[in-house]
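Asker: What would the 3D arrangement of this be:
(5 chains)
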Amino acid sequence: MTVTYSSKVANASFFGFHRLLLRWKGSIYKLLYREFALFVLLYTFLSVVYRFFFSEHQKRLFEKLSLYCETYAEQIPVTFVLGFYVTLVVNRWWNQFVNLPWPDRLMIHISSCVKGKDEYGRLLRRTLMRYVNLTSVLIFRSVSRAVCKRFPTIEHVVEAGFMTPEERKMYENIRSPHLKYWIPVVWFCNLASKAREEGRIQDSIDLQNLLNEINGLRAWCSTLFGYDWVGVPLVYTQVVTLAVYTFFLASLIGRQFLDPTQGYQGHDLDLYIPVFTLLQFFFYAGWLKVAEQLINPFGEDDDDFEVNWVIDRSLQVSLLAVDEMHMNLPTMTKDMYWN
Amino acid sequence: MTVTYSSKVANASFFGFHRLLLRWKGSIYKLLYREFALFVLLYTFLSVVYRFFFSEHQKRLFEKLSLYCETYAEQIPVTFVLGFYVTLVVNRWWNQFVNLPWPDRLMIHISSCVKGKDEYGRLLRRTLMRYVNLTSVLIFRSVSRAVCKRFPTIEHVVEAGFMTPEERKMYENIRSPHLKYWIPVVWFCNLASKAREEGRIQDSIDLQNLLNEINGLRAWCSTLFGYDWVGVPLVYTQVVTLAVYTFFLASLIGRQFLDPTQGYQGHDLDLYIPVFTLLQFFFYAGWLKVAEQLINPFGEDDDDFEVNWVIDRSLQVSLLAVDEMHMNLPTMTKDMYWN
Amino acid sequence: MTVTYSSKVANASFFGFHRLLLRWKGSIYKLLYREFALFVLLYTFLSVVYRFFFSEHQKRLFEKLSLYCETYAEQIPVTFVLGFYVTLVVNRWWNQFVNLPWPDRLMIHISSCVKGKDEYGRLLRRTLMRYVNLTSVLIFRSVSRAVCKRFPTIEHVVEAGFMTPEERKMYENIRSPHLKYWIPVVWFCNLASKAREEGRIQDSIDLQNLLNEINGLRAWCSTLFGYDWVGVPLVYTQVVTLAVYTFFLASLIGRQFLDPTQGYQGHDLDLYIPVFTLLQFFFYAGWLKVAEQLINPFGEDDDDFEVNWVIDRSLQVSLLAVDEMHMNLPTMTKDMYWN
Amino acid sequence: MTVTYSSKVANASFFGFHRLLLRWKGSIYKLLYREFALFVLLYTFLSVVYRFFFSEHQKRLFEKLSLYCETYAEQIPVTFVLGFYVTLVVNRWWNQFVNLPWPDRLMIHISSCVKGKDEYGRLLRRTLMRYVNLTSVLIFRSVSRAVCKRFPTIEHVVEAGFMTPEERKMYENIRSPHLKYWIPVVWFCNLASKAREEGRIQDSIDLQNLLNEINGLRAWCSTLFGYDWVGVPLVYTQVVTLAVYTFFLASLIGRQFLDPTQGYQGHDLDLYIPVFTLLQFFFYAGWLKVAEQLINPFGEDDDDFEVNWVIDRSLQVSLLAVDEMHMNLPTMTKDMYWN
Amino acid sequence: MTVTYSSKVANASFFGFHRLLLRWKGSIYKLLYREFALFVLLYTFLSVVYRFFFSEHQKRLFEKLSLYCETYAEQIPVTFVLGFYVTLVVNRWWNQFVNLPWPDRLMIHISSCVKGKDEYGRLLRRTLMRYVNLTSVLIFRSVSRAVCKRFPTIEHVVEAGFMTPEERKMYENIRSPHLKYWIPVVWFCNLASKAREEGRIQDSIDLQNLLNEINGLRAWCSTLFGYDWVGVPLVYTQVVTLAVYTFFLASLIGRQFLDPTQGYQGHDLDLYIPVFTLLQFFFYAGWLKVAEQLINPFGEDDDDFEVNWVIDRSLQVSLLAVDEMHMNLPTMTKDMYWN
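Answerer: Reported below is the predicted structural model:
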């Protein structure tokens, strides 16, 4: 479910963003509390062992190791690589949002260019519209886990009314080892072409516009498929993950409070709780979580796209527009600025 | 209200930007003075306590804590993460500006392609144009707080003349749990289609162009809705905010002037007023404020888009263009370069 | 006036860019020499006071202050914020260039689709073309200071032949508190529509293409207006300016040569002239000047767009294309590769 | 073969990315193990020589050299230049993916606009479609090593059924020293034009849409060719490679564990295995490998595009759509939301 | 001549990029060897003077100067500013490549929509196509030094067969102080319009498509002109160049090996050859060279676009497509997957 908070930040105000820090749903806390717990646990374990179980000699050794780790932790350019990587992932995420197949463009064209208030006309418009929605459902099934759960088989798609049993039979008779979301698109075009011949679509221009629009929708679908098929190169993701994990491994040891009496530089104070290291954990791990959450926006994360809602809205709205609202116009009256 | 200052910086001149530093409206000072006051207050409080109320032992401890905080304050990569985050927010902000639904393209097409200087023709053109403006108003109501205040209910939209009472009835009779800004678009298309049949629109080409234009406007609207619905992922905003707040928390303690007689490195001088820390506060907090102000450009900040002005201008200009100016041409005369 | 130097750097050569360092027009030196002089003056003043007028005690104090400033000067992330800010400004600058309203697309369509070599045909084509140029002039007047100087009133536009007195009267009779650059566009469309009815434009397709083209031009105009109206958020500009100015303030004190005999680290040498600090001044202040110069490319800086030239070229070329060159074709002869 | 892992990361979960670290195919380990082995070998060699074969004097010298290398290793801005370079390469890589020539748009248009269920109609549609596929194959042959292996000569293309022997003869008779992938495009257009004259394509609008679509496909092909022809400037690649290799050269010596008894700063501990240096190797070399793998996505890397699959899918699907499915529609029946 | 190396890096392999390091043509070595020699010379000169000609006192002074330079060399943010600048230049470079005016789109449309296999038809198609090529040549002459050398005067263009002598006369009779590459475009459109009237172009739709395509080509040309006219702001280039040059100036002195016996920190070792400084020179100067080479891609650098080849290819291929191949189709035969 998408986390919408823009109305909360409409106006910049006194420490405006601090309210956002107190949310749970979709928040960094919800995403990170398990990793955070683990980190704290390990840190505490090391701390306790160092303070109470190590011999003096072991302590000295551990201190050296800790200083060594601290030095190298600082050399890992986590910030930089995260910056570039997250920018890449965020761009891909938004492009996927932009390519969600909405039926709105098509429903407008169908509603105004496919004539006839009789039953045949209604059937024609509704069927065309249904093919559009069916295409979306088919592509969503292959990219979104949430939709796949809702429609685990084609049978479920039929039951939900997106497909008739006869269409299903034809669909399954078309033998192709590849994804078949383009089949309803071809049906749509052939049906539109037939409607043109029957005079329900008046003009070639009208027909071509319809074909271009459905081709646009198909292009959105195939873009979604492309994003699913060809992800961020695995190596890049691994490099970033390795960098962050290495950093925290180094931090676990390198950010321990060492015995102040040993006089190591920067270790004059024993606070027991490493406030800044923990904040840094939230900071870097949170940044990586941004990527983790957005790299596949069709999952079931708090911030993923609500694709099932999109499907329902599309069906409801588009049938309304092409059927009930077809040529059902309010009377024109003079507006209040007439003269 | 948008803060326009480009004419002030038309020419690069002697310390050209310094004049911008002296403005109040929309300025960093206006946005930050409360946070700044709080920061100064807390800083002073700590400073006073350290100087006058702490025992020697407490002072030594505080000094160590301060040095510890200073070290870590420098390790927080605020600059970097702010750079990437603000770039993201600024891009989204500008895209929203680019997608504001202006009626200009449509008014030109309607004015020249919907024929008839008689009353019916006028009514047709004005009604089409009104539907366009109505669509904008409906979408603005759902994304902009300022417009929502102006038109809290549909009744207000009717009163302002964007909708007739009959249209309102039809609008409300269409049962859909979803946003209904697309309804006037469907009306528009069906009305245009009707005008085509009545010969007011001469050609299918003219009609299709109108449909494509209105679809373009609808796309702008749905893009605005998309930006409102799917914001910058909450986690990202939280990560950045956390980083900045942590930095200032660390600064409060870590940037105190310590007793110069203790000989801590870099603490030879007690200036009482931490000029550079305060400037840094302006700098980082100001950068975050840029994001805070732009993340929802439809609020009531000094720098937010003047959507209510857009609505008024759209209505006035578009009715002018399709009615008063329709086929009202100046006589053609030879220009001064005729030969 | 635009500074064109690309032919100077066509080939990468031995220290290829060094020739660019020796130019004056549009150069960093011309833009910065006043600020540079001021900086040197202040630096020298401080240096002289420190060396000759301060007592020993004051010297020690000043040295501490200098070291303090030096430390903090390095902490201001000028580079980073400048990098992001200048990238933003440069992108906006180029987008404005891309959106300059050239009449070339339209002149080609008008020349080949508006028929008739008789006087009426010529008048038609010239008038249409004049409306296009008029639109550009009107929008340029509102965004460019240079054009505004050339045409301070509408009267000047009429005198320059872009508008007839009758058109001016009509233009002024249209009451609207908003910018009126769209008026000639509406005239254009209505005139084209009339020409279609009179058969001068043969086909709806031809007409629609003309309308789409003029709409494209209008979109460029409104984009220019948008860039002028909604600038880079003031806060962002202030943040960057503050950062740079603060840096130089800190540099003035922090980069003084301190008495080498005091043995401060990194202060073993007294060069009197702070070569690198001055170069750094050129570097950072120059980078900021890039932004200052480009933030409004319609001013009168050396590197601003030559909008007045654009206006002249547009008028001359477009009238040539639609009138003198209309259907004035060279005889077709076989080319030299015929067989 | 593309490595698809998006379904693995649909939901952000407890250390969500760690599962990705354990994959072999397409992983950083598979790409880097040879370089890694070499690096370890050299490091060990140096370490052994330093520890066991050097005289005391040589040891001291080596230690100085090592410290010197360490200092400079840190000054090489590998991170930064890699960040910018990889961003460039990733953008180019994705643009190439976006420009893969899919036949889907065309097959839809051909299926619905080229009439006739008789043999001639079928032949027409299949031939048009074959030309489309042939164009893709020809361009893929010139950019992709995998496709070039599959179709080493034009004869292989003929054998695979993309070209008839007669077409091959004509193709080879056209004398041009340049790439000839545009030839089937011209055939396509001329054939479509012929079909228009024969009435198989009803309307000029239909024909023009087909021409525009094939032109779009041709544009994709020529874009792919452009990316192949004009790569990332060699100098840029060399600069980045030099930086990374230099860094590792410096690391080999500079990151040796020096004798702790010599008391060099930061060298109090001898761990024998330089964990962090090895991780850093994975990190930087992995980042460079991202670029290496993506700079030509038409090779045979694990993460390269499966172009041969694209060719097979295109042929199978497109023939299905224009032939078997042409005007083969399911009966329209009322959907379940009819009333 | 473009340096194509993508086939060399099709597969990521063992130290895959190292092969690229050994190329000469278009390489960093070829571009930099002169600057490198100069740098080495100066460095050696200073080194020799310091070692053999300076008195002890002068040595001490020089050492202080060297340390001072070293400190400041590190403060110059060369990497950062180069990163942003090179990104800008690379983007502009690629956009120029994308806007090269290829005639392919037009030749397809002309070949299929301008009817007639008789001589007049051939003449028509060839003339139209020649105008397209002429436009490209005219714009290339004004932006590319290589093309300007090939066609120093219009006479050369006529001789090469792009223009007939009569066309040249008309071209020169059109008085305009501005670039005249748009003249053949106007001829093209008027000729196409004439062909429409004569029935050679069947339909307004066909004509309009041709006009739109030629307008697209004209837009590419004017974009190229725009990139040539309005370059990267001179100030930006100067800032970057200054930064790099300053850095190397500082390096010359600051990276000298100082007498190890003086015990300066980090100066315990005298290697005589400053390996890392030299590598750094290659690195930074090479990065700047990337910009220098790409800032005007129409020169004669190894990596510049081969515009003369583009011109030849365009002419040869486009005449083939519109003349020899016009309606010259292979017989349709059933493909091998017919059933």
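Asker: Identify each buried residue in stretch A:260-277, please.
Answerer: For stretch A:260-277, the neighbour count (16 or more other C-beta atoms under 10 Å in any protein chain shown) marks A:267-268, A:274, A:276-277 as buried. Every C-beta, even on glycine, is put in place using the N, C-alpha and C of the backbone.
Asker: Specify which member of those residues is nearest to chain B.
Answerer: Distance to chain B across these (C-beta to the nearest C-beta) is lowest for residue A:276, with 3.9 Å.
Asker: Helix, strand, or coil at the closest one?
Answerer: helix (DSSP: H, G, I helix; E, B strand; the rest coil).
Asker: And for the one 10 residues further on?
Answerer: Each residue gets one of three states, and residue A:286 gets helix by three-state DSSP.
Asker: quick one: residue A:21 and residue B:243 touch, right?
Answerer: No. Residue A:21 is beyond contact range of residue B:243, at 11.6 Å (criterion: C-beta atoms under 8 Å).
Asker: Tell me which of those two has more neighbours.
Answerer: Comparing residue A:21 with residue B:243 by other C-beta atoms under 10 Å in any protein chain shown, the one with more neighbours is residue B:243, at 26 against 15.
Asker: mind checking how far the more buried one is from residue B:78?
Answerer: 5 Å (C-beta to C-beta, to the nearest Å).
Asker: Pick out whichever of the buried residues of stretch A:260-277 sits closest to residue D:49.
Answerer: For the buried residues of stretch A:260-277, the minimum distance to residue D:49 (C-beta to C-beta) is 35.4 Å, reached by residue A:267.
Asker: got a pLDDT number for that closest one?
Answerer: For residue A:267, the pLDDT comes out at 79.
Asker: Pretty sure it sits against residue A:258.
Answerer: Yes. Residue A:267 is within contact range of residue A:258, at 4.4 Å (criterion: C-beta under 8 Å).
Asker: tell me which element residue A:35 falls in.
Answerer: Assigned by DSSP states H and E, residue A:35 falls within helix A:28-48.
Asker: For whichever helix or strand comes after that helix, buried residues please.
Answerer: Per DSSP H and E, helix A:28-48 leads on to helix A:56-75 as the next helix or strand towards the C-terminus. For helix A:56-75, a neighbour-count test (16+ other C-beta under 10 Å) marks A:59, A:62-70, A:72-73 as buried.
Asker: cool, and stretch A:289-308?
Answerer: Neighbour count says stretch A:289-308 has A:289-299, A:301-305, A:307-308 buried, by 16+ other C-beta under 10 Å.
Asker: give me the low-pLDDT residue ranges for the stretch 51-200 of chain A?
Answerer: Within the stretch 51-200 of chain A, no range satisfies pLDDT under 70.
Asker: What are the phi and psi values at the spatially most central residue of chain A?
Answerer: Chain A has residue A:297 as the residue nearest its centroid, 1.7 Å off, counting by C-alpha atoms, centre = their mean. Dihedral angles of residue A:297 (phi, psi; degrees, to the nearest 10) stand at phi -80, psi 10.
Asker: ditto for residue A:22
Answerer: phi -100, psi 10.
Asker: for the strand or helix carrying residue A:318, the distance to its chain's centre please.
Answerer: Under the criterion of DSSP H and E, residue A:318 resides in helix A:307-319. When distances are taken as C-alpha atoms, centre = their mean, to the nearest Å, helix A:307-319 is centred 18 Å away from the chain's centroid.
Asker: Show me which positions of it end up buried.
Answerer: A:307-308, A:310-311, A:313-319.
Asker: for stretch A:140-150, same thing?
Answerer: So stretch A:140-150, judged by 16+ other C-beta under 10 Å, has buried residues A:140-148, A:150.
Asker: how about it, does it reach chain D?
Answerer: Yes. Stretch A:140-150 reaches chain D (C-beta under 8 Å from any C-beta of the partner chain) through residue A:145.
Asker: so does that stretch get close to chain B?
Answerer: No. Taking C-beta under 8 Å from any C-beta as the criterion, stretch A:140-150 and chain B are apart, separated by no less than 15.1 Å.
Asker: can you give me the end-to-end distance of that stretch?
Answerer: 11 Å (C-alpha to C-alpha, to the nearest Å).
Asker: What are the contacting residues of that stretch?
Answerer: With contact meaning C-beta atoms under 8 Å, 6 or more residues apart in numbering or on different chains, stretch A:140-150 is reached by A:137, A:151, A:156-157, A:179, A:181, A:224-225, A:227-228, A:298-300, A:304-305, A:307-308, A:310-311, D:7, D:10-11.
Asker: Can you pull the residues of the stretch 151-300 of chain A lying near chain B?
Answerer: A:202-203, A:205-206, A:209, A:266, A:268-269, A:271, A:276, A:279-280, A:282-283, A:286-287, A:289-290, A:293-294.
Asker: Show me which of the buried residues of stretch A:140-150 is closest to chain D.
Answerer: residue A:145 (4.6 Å).
Asker: so how far is residue A:228 from the closest one?
Answerer: On the measure of C-beta to C-beta, residue A:145 and residue A:228 end up 11 Å apart.
Asker: which neighbours do those two share?
Answerer: residue A:298.
Asker: which one of the buried residues of helix A:307-319 is nearest chain C?
Answerer: residue A:318 (27.7 Å).
Asker: for the closest one, what are its contacts?
Answerer: Contacts of residue A:318 (C-beta under 8 Å, 6+ apart): A:103-104, A:106-107, A:129, A:132-133.
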